[in-house]
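# Sequence below, structure please.
(2 chains)
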Amino acid sequence: MANMNSEHDGEPQGTAYGRFHRRVLERRAAIMAIATTLAISVGGLVEIIPMSPASMGPEQPAMVSPYSPLEVAGRDMYLREGCYTCHSQMVRPMRAEILRYGEWSRAFEYTYDRPFQLGSRRLGPDLHRVGGKYPDAWHYEHMRDPRSTSPGSIMPAYPWMIDHKIDPADIRASVVALSKVGHAYDDTSLEGVTASLEAQGAGIVANLATAGVSAEWDDEIVAMIAYMQRLGVDGRAVFEAEGTGR
Amino acid sequence: MEPNSVAADSSRSAPAVTPNYDDGIVKMFFTATVIWGIVGMLVGVIIALQLAWWPANLNLPWTSFGRLRPLHTNAVIFAFAGNVCFTGIYHSMQRLLKTRMFNDTLSRIHFWGWQLIIVSAAVSLPMGLTQGKEYAELIWPIDVAVTLIWVAFAINFFGTIAIRKVQHLYVAIWFYMSFVLTIAVLHIVNSLAIPATLLRSYPIYAGLTDGLVQWWYGHNAVGFFLTTPFLGLMYYYLPRAAERPVFSYRLSIIHFWALVFLYIWAGPHHLLYSALPDWAQTLGMVFSVILIAPSWGGMLNGLLTLKGAWDRVRTDPILKMMVVAVSFYGMSTFEGPMMSIRAVNGLAHYTNWVIGHVHSGALGWVGMMSFGMLYWLAPRLFNRPLAYPKWVSHHFWLATIGIVIYTVAMWAAGLMEGLQWRAINDAGQLVNPIFLDITARLQPFMLLRLLGGGMYLVGAIMMGINFWQTVNGPERPEEADALPQAA
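Residues are numbered from 1 along each chain as shown, chains lettered A, B, ... in the order given. Reported below is the predicted structural model:
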């Protein structure tokens, strides 16, 4: 029969650290707890503190702008449906990835990504350069029935995005919260947010109409399309201006 | 009667449970563990089916993969593994410290609070209420509740240490302590957010900073929710089941401190090849590789504890489960560092290989250690002989073969994906320009994964039935109680 404590209650250990461990740490629970907390803190502090916004470079936000209210609504939908469980938003600096998706993802492009959506899995393709790749109507059909645009796809269908409406007051709450953490919006009043939603939504509705699809500006699918079409666009503009990228 | 004298009087043929200990709370956590374990694994099998056969998404919001996958991960990590840890900690720490828990009310607040959090997660996640960060999906009001309940647990935990009747803290207690402290730090720092509504919030961190904080949290949730408490459980229940003392006290000191210090650095290996600064990526990679040493220290201390008891491993399915658990721990803590090497990660990242790696750790190490502990505890805790002793062996084989099928299928699928995504022909063009062509080739592996996961679930259900019948069966006759339980 093993007695667990026998080993501990036996003769003092032969090594200096063993004696210290036994006499101090194992007897003084508070010292043990403090030592453990210190041990687990070092790595996090060393890695996270240099990544604070102050040390990430102040010039970066100038190169990109925050998501519009409609895009915020679409992004919230992207989170709601757990799109990140199958899609990444991070093109790696590798030849095959650049061929498949486009220019590799830079840090500044994520300035307004709260939360980040780099993803950890590609059951579907990366989406960081999907903005502008397909027409609005393609996204509409793809969400309604993924197999209609992408034969063999295993993606679930999202017909409820066509039936459900967005709520401007709810989106305004998001815009107000985001403006508190430094995302600059011209107008965070309900009227201002609603006007912005309507104006951007109307553009997408018009695009859809040319493809024979009828939708309204406050359909959830319109916000989703707005977010999809925004992905990677700011970065591409910067690369083109600088003459970098393809 | 002093607990010390009760414990010392091992010749007495008393019930295995010393009356002074609060075993009611252990039974509560035990029951919750079995229920949530089966639920979490069932959701896993359902989403595995969805990947093999998309119509299983049912075209409904609350049953689509993207909402059920977080439900699966949260259920198996925080509901199943969490309750396993609490079961083992409440049972073993009272015996190791020779005292009842500090405060019975706090124990109940911890239990019911935690179960309520699980239920609210099970309702909110399928509704699409999420923060969109992996393994930290729960919305901010639930995050606040987690913090409060964790504080109640911590007060109870350290209170029990304060009123202990033994001088020294046994190695299992060190590991439990690192669990209690580190999870608090990780959860609070990663969950800091600005609420927009009662149901939605945005993190105070943005972009890659948010990514770094999240993977510091995510990787160390594996480290301090699924590794250190389970090492603590190993240090208590493996020697108990094997009836051997722990192999090396010195090794336990070295690997404990090395593990808790090194683990925390390894998070950035989840962000290799991202735009995260190179120095951070390199730190993550280097510390991941170094992490092999303390991990294998724990594995060796576990396996070598069986020195002189290997003949019993052949016949005792509980020991078999623990041996397989520790072996899978060794295997996945070798595989993980290898996958953290940039060149290997370039191939493995974003593929099913990662899913296979996670499950060799989760099904192999966490699951098997849990099953071994639960089977060892059940007859002692409920003072009844196991209803179907032979089923333990069936469960062992179902689970072990299930894990092997699962991980081998995922390795093959992951390698295939990684190689086909990157394949470029002599003309400099992609060999597989259409992404979906590669996805379609995953189908047979998805079916194999469904089979392996299904076998694992069947084993867990058999365990549940076994325990149900045990609890409702006849009590153990007192004279037949030859259970070795001195502490």
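# Can you report how many residues lie near residue B:435?
19 (other C-beta atoms under 10 Å in any protein chain shown). C-beta here means a position set from N, CA and C on the backbone, and glycine is covered the same way.
# before we move on, what SS does residue B:451 have?
With DSSP: H, G, I helix; E, B strand; the rest coil as the basis, residue B:451 sits in helix.
# contact partners of stretch B:276-286?
A:46-47, A:50-51, A:107, B:208, B:211-212, B:265-274, B:340-342, B:345 (C-beta atoms under 8 Å, 6 or more residues apart in numbering or on different chains).
# Please identify the buried residues of stretch A:200-209?
Along stretch A:200-209, these residues count as buried under the neighbour rule (16 or more other C-beta atoms under 10 Å in any protein chain shown): A:200-201, A:204-205, A:207-208.
# so for it, what's the average pLDDT?
Average pLDDT, stretch A:200-209: 98.
# Alpha carbons of it, in PDB - could you do that?
Taking C-alpha atoms only, stretch A:200-209 is exported to PDB below (Å, rounded to 0.1, in the frame of the first residue of the first chain):
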ATOM      1  CA  GLN A 200     -24.300  51.900 -48.100                       C
ATOM      2  CA  GLY A 201     -27.100  49.300 -48.100                       C
ATOM      3  CA  ALA A 202     -28.800  51.000 -51.100                       C
ATOM      4  CA  GLY A 203     -25.700  50.700 -53.100                       C
ATOM      5  CA  ILE A 204     -25.500  46.900 -52.500                       C
ATOM      6  CA  VAL A 205     -29.300  46.600 -53.200                       C
ATOM      7  CA  ALA A 206     -28.800  48.400 -56.500                       C
ATOM      8  CA  ASN A 207     -25.900  46.000 -57.400                       C
ATOM      9  CA  LEU A 208     -28.100  43.000 -56.600                       C
ATOM     10  CA  ALA A 209     -30.900  44.400 -58.700                       C
END
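# distance between that stretch and the chain's centre?
25 Å (C-alpha atoms, centre = their mean, to the nearest Å).
# Identify the residues contacting that stretch?
Taking C-beta under 8 Å, 6+ apart as the rule, stretch A:200-209 contacts A:68-71, A:135-137, A:140, A:214-218, A:222-223, A:225-226, A:229.
# now do stretch B:130-148
Against stretch B:130-148 from outside (C-beta under 8 Å, 6+ apart): A:78-80, A:82, A:84, A:115-117, A:120, B:67, B:70, B:73-74, B:77, B:113, B:116-117, B:120-121, B:124-125, B:129, B:184, B:187-188, B:190-191, B:193, B:195, B:198-201, B:203, B:210, B:214, B:217-218, B:221.
# can you do 7 Å?
With C-beta atoms under 7 Å, 6 or more residues apart in numbering or on different chains as the test, stretch B:130-148 has contacts from A:79-80, A:82, A:84, A:115, A:117, A:120, B:70, B:73-74, B:77, B:113, B:117, B:120-121, B:124-125, B:129, B:187-188, B:190-191, B:193, B:195, B:198-199, B:201, B:214, B:217-218, B:221.
# Go through that stretch and flag the buried ones.
For stretch B:130-148, by 16+ other C-beta under 10 Å, it's B:130-140, B:142-143, B:145-146.
# Who are the contact partners of residue B:180?
Per C-beta under 7 Å, 6+ apart, neighbours of residue B:180: B:153-154, B:157.
# can you list the domains in chain A?
A:15-56, A:69-242 (automatic domain parsing).
# closest one to residue B:417 among the ones you listed?
Of all those, domain A:69-242 sits nearest to residue B:417, with 7.7 Å by C-beta to C-beta.
# Ends of the closest one, what's the gap?
Start-to-end span of domain A:69-242 (C-alpha to C-alpha, to the nearest Å) is 28 Å.
# Check the offset of that domain from the chain's centre.
Worked out by C-alpha atoms, centre = their mean, domain A:69-242 lies 11 Å from the chain centre.
# Now, the contacts of stretch B:130-148 that are in strands?
Among the contacts of stretch B:130-148, DSSP state E puts B:193, B:195, B:201 in strands.
# For the last one, name its beta-bridge partners.
With DSSP bridges as the criterion, residue B:201 is bridged to residue B:195.
# so who does it touch?
Contacts of residue B:201 (C-beta under 7 Å, 6+ apart): B:131, B:140, B:193-195.
# Could you do the first one as well?
Residues in contact with residue B:193, defined by C-beta under 7 Å, 6+ apart, are B:140, B:201-204.
# tell me the pLDDT at it?
97.
# Report the separation between it and residue A:139.
For residue B:193, the distance to residue A:139 (C-beta to C-beta, to the nearest Å) stands at 29 Å.
# Over to the last one?
For residue B:201, the distance to residue A:139 under the criterion C-beta to C-beta works out to 27 Å.
# tell me the centre residue of chain A?
The residue lying closest to the centre of chain A (C-alpha atoms, centre = their mean) is residue A:117, at 2.2 Å.
# May I have the secondary structure class of residue B:127?
coil.
# Which residue comes closest to residue B:42 once chain neighbours are left out?
residue B:457 (6.1 Å; C-beta to C-beta, 6 or more residues apart in numbering or on different chains).
# repeat for residue B:233
Using C-beta to C-beta, 6+ apart, the closest residue to residue B:233 is residue B:88 (4.4 Å).
# could you say what helices and strands the helix or strand hosting that neighbour packs with?
Assigned by DSSP states H and E, residue B:88 belongs to helix B:82-96. Applying 3 or more C-beta pairs under 7 Å, 6 or more residues apart in numbering or on different chains; DSSP states H and E, one finds that helix B:82-96 makes contact with helix B:24-52, helix B:171-191, helix B:228-242, helix B:368-382.
# now do 10 Å
helix B:3-8, helix B:24-52, helix B:104-124, helix B:140-162, helix B:171-191, helix B:228-242, helix B:368-382 (3 or more C-beta pairs under 10 Å, 6 or more residues apart in numbering or on different chains; DSSP states H and E).
# Dump it to CSV, restricted to CA.
Presented in CSV, the C-alpha positions along helix B:82-96 are these (Å, rounded to 0.1, in the frame of the first residue of the first chain):
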residue,chain,number,x,y,z
GLY,B,82,-13.6,21.3,-15.7
ASN,B,83,-15.9,19.1,-13.7
VAL,B,84,-13.3,16.3,-13.8
CYS,B,85,-10.7,18.6,-12.2
PHE,B,86,-13.2,19.7,-9.6
THR,B,87,-14.2,16.1,-8.8
GLY,B,88,-10.6,15.1,-8.4
ILE,B,89,-9.5,18.2,-6.5
TYR,B,90,-12.4,18.1,-4.0
HIS,B,91,-11.8,14.4,-3.4
SER,B,92,-8.0,14.3,-3.3
MET,B,93,-7.2,17.6,-1.6
GLN,B,94,-9.3,16.8,1.5
ARG,B,95,-7.4,13.6,1.8
LEU,B,96,-4.0,15.0,1.0
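# That one to helix B:228-242, inter-axis angle?
Calculated by axes from the mean of the first three to the mean of the last three C-alpha atoms, to 10 degrees, helix B:82-96 forms an angle of 60 degrees with helix B:228-242.
# okay, and for chain A, where does confidence drop off?
Along chain A, the model assigns pLDDT under 70 to residues A:1-14, A:53-62, A:244-246.
# how about the helices of it, start to end?
According to DSSP state H, chain A carries its helices in the segments A:6-9, A:16-20, A:29-48, A:69-80, A:95-101, A:136-144, A:146-149, A:160-163, A:168-180, A:190-210, A:220-230, A:233-242.
# Any chance of CSV for those helices, columns distance to residue B:227?
Shown next, in CSV, are the helices of chain A (distance: least, C-beta to C-beta, whole Å):
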stretch, distance to residue B:227
helix A:6-9, 23
helix A:16-20, 23
helix A:29-48, 13
helix A:69-80, 28
helix A:95-101, 32
helix A:136-144, 40
helix A:146-149, 38
helix A:160-163, 40
helix A:168-180, 35
helix A:190-210, 46
helix A:220-230, 37
helix A:233-242, 38
